[in-house]
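Enquirer: Task: produce atomic coordinates for the following.
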Amino acid sequence: MFTKGYKQTKEHKHRISLALRGKYCGKDSYHFGRLRSKETCKRISEALMGKHLSKETRKKIGLAHLGKPLTNEHRKKLSQAKKGFCDGKKNNMFGRYHSRTTRKKMRMTWGKDRSYRVRQCRQGLILKPNKPETILRNLLNKVLPNKYKYTGDDKVVIDGFNPDFMNCNGQKKIIELYGTYWHKTPKVIERDKRRKKSYKSLGYALLIIWEHELKNIERVTDRILKFNWQGDNNG
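Expert: Got it, this is the predicted structure:
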């Protein structure tokens, strides 16, 4: 019998986890096919209102999902679920206006260079190399040690764009790793065109590696060595 203040050991928790694994899933779940009433949803929403996850909790959630890629189907479902989420009356700012003082502060803050705005937008996010970026970083360290560094964590912003890898020996060379799903969407394609144009205008040579290409490490290695030797290779 459990008493107040009783703490389970890691071994005990692990045994409970193994015992419950696979149970109460799908049709075996108590909530399968049941929907919460509007009243219940409202009560839950009010109970959570104003509460924020601590940095430690957000970090744990991030680490738990690290290296677990979403399927294309899952991504589409997330996209569809968020469509219209903040439109019209659903928007928190619907019918509300910023005061003159607030607008002035916003102009002063966001009137700075674009690189500053990008850093501000991404501040607070857990920015770490994802699994494909880690694979490419390890490959670069192996074939070209001390030549390229990972900058995809917002350490460097060039004309509003954050490159994934940059040459750290004074050469103006950038390597971008494109995700197979996101970089095929129309909006991102247009953004990537502006990115290429911007890098080129500033004199940077660019190599683009697609996520699916990492399945053939030998080919990627050849492209990297060729790029490092010759220069621009927007493949």
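Enquirer: and Lys173, what are its phi and psi?
Expert: Dihedral angles of Lys173 (phi, psi; degrees, to the nearest 10) stand at phi -130, psi 140.
Enquirer: partner residues bridging the closest residue to it other than its chain neighbours?
Expert: Leaving aside its sequence neighbours, Lys173 sits nearest to Asn167 (CB to CB, 6 or more residues apart in numbering; 4.1 Å). C-beta here means a position set from N, CA and C on the backbone, and glycine is covered the same way. Asn167 forms beta bridges with Tyr148, as assigned by DSSP bridges.
Enquirer: So which bits of the top helix by length along the chain are buried?
Expert: For the chain, the longest helix by residue count, based on DSSP state H, is helix 186-201. Neighbour-count burial for helix 186-201, counted by 16 or more other CB atoms under 10 Å, picks out Arg195, Lys196, Tyr199.
Enquirer: okay, those residues in JSON lines with distance to Lys83 and pLDDT next?
Expert: Putting those into JSON lines (distance: CB to CB, whole Å; pLDDT from 0 to 100) gives the following:
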{"residue": "Arg195", "distance to Lys83": "26", "pLDDT": "94"}
{"residue": "Lys196", "distance to Lys83": "29", "pLDDT": "95"}
{"residue": "Tyr199", "distance to Lys83": "32", "pLDDT": "95"}
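Enquirer: ok now the longest helix of the chain, how far from the chain's centre?
Expert: 19 Å (CA atoms, centre = their mean, to the nearest Å).
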